[in-house]
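Asker: kindly generate the corresponding structure for this input.
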Amino acid sequence: MSVTLAEVVRLLDRRYPPRTAESWDRVGLVAGDPDHPVRKVLFAVDPVATVVDEALDWGADLIVTHHPLLLRGVHSVAATEFKGALLHRLIRGDCALYTAHTNADAATGGVADQLATLLGLVDTRPLVPQAAESLDKHVVFVPVERTAALVDALVDALAAAGAGALGEYSRCAWTTTGEGTFTPSDAAHPTVGRAGEAAQVVEARVEMVAPRRLRGQVIAAMRAAHPYEEPAFDVLELATWDGPTGIGRVGELDPPLTLRALAERVAAVLPATAQGIRYAGPDDATVRTVAVLGGSGDSLFDQVRASGADAYVTSDLRHHPASELRERAEFEGGAPYLIDTAHFASEWPWLPGAARALVDDLAAHGTTVETRVSTRRTDPWTGRVPSPSEGPTP
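Answerer: Numbering: from 1, shown residues only. Okay, here's the model as predicted:
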């Protein structure tokens, strides 16, 4: 069976919810017709010309990239500039483009998880946990005497609007019964009782949770399904808590390694780049707890220190933040040590897992696509000249 782009996007959004992306990020479908069939999907880190060449030569219907093509606002996508030209090539080639960036960084099985797994970390946890999605509890009172099916109909309506979903479970509700009382005015049109007379009614109390962002549609669904002219209901905002995902991961090495041995492991499991691997700290320093973050990571030094990590594996470390962290660490006891990778290299390991996940998700729906992980190195650096063993003395 063929699958449409809309269905592939739905499954990708489920794996990497766009709402979990950072506020400054731009993720999701960039180009493509949702009704077009998808047979071949190419996964890559960067939406650059060589990746588009590979996709079109292979006959891909969709490219899934980690980095956004249009992160910052543009005023033109004319083919006279390089990003516009790339989009025009994709459109002419009937090839869609989808981006999963910081939402893929944080996701279960995402960039951080794959990097931690490659390095052999166990008992991992988020470096910066994301708050679980804000929830409402909807409490609705509905008469039970009128029809036994009324409660089920109300639960069905609320579930269809997005309430009652807990992990892999749907239509979750809790009910109990009690007696409600009310007096309709002369202008009312009561479903139960008579105008001007007090009524006592056995009612079911129905409770269901729903994402706060769906509050309006859940209330609208409740009103449409409820038999009362004026339903009695509450909407309670639940407390927030840290969710199971977030930016980066912290885990344990078992057995511990020296800093030099860990750097060598990083070099062995990541794609080769001109930069290679740099590290800061004594070769023989013992490393047990490791923090990892794919992509640029020196903005999270404070969180790394708070995590108790002995070493931090990330990318794009700048001179001043790295120098200050190491000076402070040496003053306070030595850790954390730093291991700096190429940005591209730290994020590429996510791609094979993402490709397998899409195939698995489609198989659960009785469909499939052919996937390929791009092996074109899109790291911008193409060469490196090692410092000579004897050079000028600084």
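
Asker: pretty sure D113 sits in a helix.
Answerer: Yes - residue state for D113 (DSSP: H, G, I helix; E, B strand; the rest coil) corresponds to a helix.

Asker: enumerate every residue touching it.
Answerer: D113 makes contacts with 107, 124, 249, as judged by C-beta atoms under 8 Å, 6 or more residues apart in numbering. In short, each C-beta sits where N, CA and C put it, glycine included.

Asker: next, the second one: secondary structure please.
Answerer: It stands for T124. strand.

Asker: check R215 too.
Answerer: Criterion first, three-state DSSP; result for R215: helix.

Asker: test my guess that it contacts V235.
Answerer: Yes - R215 is in contact with V235 according to C-beta atoms under 8 Å; the separation is 6.5 Å.

Asker: joint contacts of the two?
Answerer: Between them, R215 and V235 share the contacting residues D136, judged by C-beta under 8 Å, 6+ apart.

Asker: the two: which has the busier surroundings?
Answerer: Regarding R215 and V235, a neighbour count based on other C-beta atoms under 10 Å identifies R215 as having more, with 18 against 15.

Asker: distance of the more buried one from A96?
Answerer: Distance from R215 to A96, counting by C-beta to C-beta, to the nearest Å: 32 Å.

Asker: before we move on, what about A79?
Answerer: 18 Å.

Asker: go on, S315?
Answerer: 28 Å.

Asker: who has more neighbours out of those two?
Answerer: The neighbour comparison of S315 against A96 (other C-beta under 10 Å) goes to A96, with 25 against 20.

Asker: okay, the more buried one: pLDDT?
Answerer: A96 carries a pLDDT score of 98 in this model.

Asker: likewise for E390?
Answerer: At E390, pLDDT is 69.

Asker: distance of the residue nearest the centre of the chain relative to A21?
Answerer: Using C-alpha atoms, centre = their mean, the residue of the chain that lies closest to the mean C-alpha position is N103, 3.0 Å off. N103 sits 4 Å away from A21, going by C-beta to C-beta.

Asker: is it true that P271 touches F344?
Answerer: Yes - when contacts are counted by C-beta under 8 Å, P271 is listed as touching F344 (7.2 Å).

Asker: list the residues that contact both of the two?
Answerer: With C-beta under 8 Å, 6+ apart as the test, P271 and F344 both reach 377, 379.

Asker: who has more neighbours, the two?
Answerer: Remark: of P271 and F344, F344 carries more neighbours, 23 against 16, as counted by other C-beta under 10 Å.

Asker: is the more buried one in a helix, a strand, or coil?
Answerer: F344 is classified as helix under three-state DSSP.

Asker: again, but for the one 10 residues further on
Answerer: Reducing the assignment to helix, strand or coil with three-state DSSP, the entry for A354 is helix.

Asker: wait, isn't A232 in contact with H138?
Answerer: No - using C-beta under 8 Å as the test, A232 is too far from H138 to be in contact (12.0 Å).
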